[in-house]
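*Asks:* Build me a model from this:
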Amino acid sequence: MRFSVIIPVFNRPDELRELLVSLTKQTDQNFEVLVIEDGSTNKADRVVAQFSNQLDIRYFIKENSGQGFTRNYGFERATGDYFVIFDSDALVPPHYFSVVNQQLEDGWLDAYGGPDAAHPDFTAIQKAISYSMTSPFTTGGIRGSKKNLGGTYHPRSFNMGLSRTVWETIGGYKLSRMGEDIEFAIRIIDNGFRTGLITNAFIYHKRRTNFGQFFRQLRFFGRARINISRYYSAELKLVHAIPAAFTLFAFSVPVWALISPVLFGIAVGILALISLLIFIDATRKEKSLKVGLLSVIAAFVQLTGYGLGFLSEGWKRLKEPKGFRETGATIEYPS
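*Replies:* Numbers count the residues shown, from 1 in each chain. Predicted coordinates for the structure are as follows:
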């Protein structure tokens, strides 16, 4: 199986360098790499040039159009049998392509997704953010489960593969931002293709390096979930509103102090219990009290960021005329 690795890049030359280094260490080297610069001002051309003798790599520069359309740009120029998509802030373990090859031989998947994990060298904040994004206490655990909501696995584009046949059949991404990977996965499944999670095809996902960036990213994710409902109303489920409900509850706690000391005590107790559960679980998994404490902050940032994005875009959705659709292409990357 010949793979084509598609990597959209937007102002991330340093992160891209680390990703390319990890690709040079793959035990299975039967792949090409396509790096597509999506209108960056801080270009990665010199970084890519450093790997010209180590990888089968090509570099493209295009006007900014967002991640979805940039991946399509890569699909159009790929020569492999199977396309693999990575975010540019990923690190890929050496066994990755060997694992995927073996899975495709043992049980074919037209499209797959893989989990993300925290690298041992990540900072404490990065580990906390990674924990939050994969924890069942924040609904993040859904991303790495055998089945997503609805019973069928929906791959996510930070670590995803699809056959050339899938691309030729459904034509790639129709949205470029605001939930483009969710929409793409829905269409793959609706066209009868087989999808699944390859548990051992994990990556180390660096994500954001501080809580301010993380909050803005998650607020964007909350908006994206509402945007998907403009195209697939059935994809908006009650569980997606949990972060919004948590946000409203957390922000209402000071009000309870004015209404009833008893209710205020109960509300504070609930938040304290949630914090304790997250702290214990994160400390156990990461074997670090510091990461455990930071994970509590990360979880609250994730839930409120997503919740506020969900609520703000949901309010816009309620005010829209019937049949209105917003294209993801007009939305800027979260900074």
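
*Asks:* what bits of the stretch 1-150 of the chain have low per-residue confidence?
*Replies:* 139-150 (pLDDT under 70).

*Asks:* which residue ranges form the helices in it?
*Replies:* For the stretch 1-150 of the chain, the helices defined by DSSP state H, counting those that start in this stretch occupy 13-24, 45-49, 67-77, 96-106, 124-134.

*Asks:* most packed of those helices?
*Replies:* Mean neighbour count (mean count of other C-beta atoms under 10 Å) peaks for helix 124-134 among the helices of the stretch 1-150 of the chain, with a mean of 24. All C-beta atoms are positioned from the backbone trio N, CA, C, and that covers glycine.

*Asks:* just checking, what packs against that helix?
*Replies:* Secondary-structure packing of helix 124-134 (3 or more C-beta pairs under 8 Å, 6 or more residues apart in numbering; DSSP states H and E): strand 116-117, helix 211-229, helix 261-286, helix 289-319.

*Asks:* weakest of these by average pLDDT?
*Replies:* For the helices and strands packed on helix 124-134, the weakest mean pLDDT is recorded on strand 116-117, namely a mean of 86.

*Asks:* partners of that one in the sheet?
*Replies:* strand 203-205 (parallel) (DSSP bridges).

*Asks:* do you know how far R2 is from V48?
*Replies:* For R2, the distance to V48 (C-beta to C-beta, to the nearest Å) stands at 20 Å.

*Asks:* for S65, same thing?
*Replies:* Distance, S65 to V48, by C-beta to C-beta: 20 Å.

*Asks:* what do you get for A282?
*Replies:* Going from A282 to V48 by C-beta to C-beta gives 37 Å.

*Asks:* between the helices and strands packed on helix 124-134, which gets nearest to N101?
*Replies:* For N101, the closest of these is strand 116-117, at 20.3 Å, according to C-beta to C-beta.

*Asks:* now that closest one: how far from the chain's centre is it?
*Replies:* 10 Å (C-alpha atoms, centre = their mean, to the nearest Å).

*Asks:* Stretch 284-295 now?
*Replies:* Relative to its chain's centre, stretch 284-295 lies at 22 Å (C-alpha atoms, centre = their mean).

*Asks:* Redo the helices and strands packed on helix 124-134 as TSV? Include distance to P13 and mean neighbour count.
*Replies:* Formatted as TSV, those follow (distance: least, C-beta to C-beta, whole Å; neighbours: other C-beta atoms under 10 Å):
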stretch	distance to P13	mean neighbour count
strand 116-117	22	20
helix 211-229	17	21
helix 261-286	29	15
helix 289-319	26	20
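
*Asks:* and these as CSV, adding distance to I36?
*Replies:* Output for the helices and strands packed on helix 124-134, formatted as CSV (distance: least, C-beta to C-beta, whole Å):
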stretch, distance to I36
strand 116-117, 21
helix 211-229, 21
helix 261-286, 34
helix 289-319, 27
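
*Asks:* out of those, nearest to Y73?
*Replies:* helix 211-229 (20.9 Å).

*Asks:* and that closest one, what other elements does it pack with?
*Replies:* On a contact count with 3+ C-beta pairs under 8 Å, 6+ apart, helix 211-229 meets helix 124-134, helix 180-190, helix 289-319.

*Asks:* switch to 10 Å and redo it
*Replies:* Applying 3 or more C-beta pairs under 10 Å, 6 or more residues apart in numbering; DSSP states H and E, one finds that helix 211-229 contacts helix 124-134, helix 180-190, helix 242-259, helix 289-319.

*Asks:* ok and that helix relative to helix 242-259, angle-wise?
*Replies:* Between the axes of helix 211-229 and helix 242-259, defined by axes from the mean of the first three to the mean of the last three C-alpha atoms, to 10 degrees, the angle is 120 degrees.

*Asks:* Distance from helix 211-229 to the middle of the chain?
*Replies:* 11 Å.

*Asks:* Same check on stretch 191-205?
*Replies:* Between the centre of stretch 191-205 and the centre of its chain there are 13 Å (C-alpha atoms, centre = their mean).

*Asks:* Any buried residues in that stretch, and which?
*Replies:* Neighbour counts over stretch 191-205 (16 or more other C-beta atoms under 10 Å) mark F193, T195, G196, L197, I198, A201, F202, I203, Y204, H205 as buried.

*Asks:* Of the residues you listed, which pair is most distant in space?
*Replies:* The two members of these with the most space between them (C-beta to C-beta) are F193 and Y204, at 27.7 Å.

*Asks:* Please list all residues in contact with the nearest residue to F221 once chain neighbours are set aside.
*Replies:* Leaving aside its chain neighbours, F221 sits nearest to Y306 (5.6 Å; criterion: C-beta to C-beta, 6 or more residues apart in numbering). For Y306, the contact set (C-beta atoms under 10 Å, 6 or more residues apart in numbering) comprises 138-140, 215, 217-225, 240, 242-244, 246-247.

*Asks:* roughly how far apart are Y306 and V21?
*Replies:* Per C-beta to C-beta, Y306 is found 32 Å from V21.

*Asks:* returning to that earlier point: for the helices and strands packed on helix 124-134, which one sits closest to A128?
*Replies:* helix 289-319 (3.6 Å).
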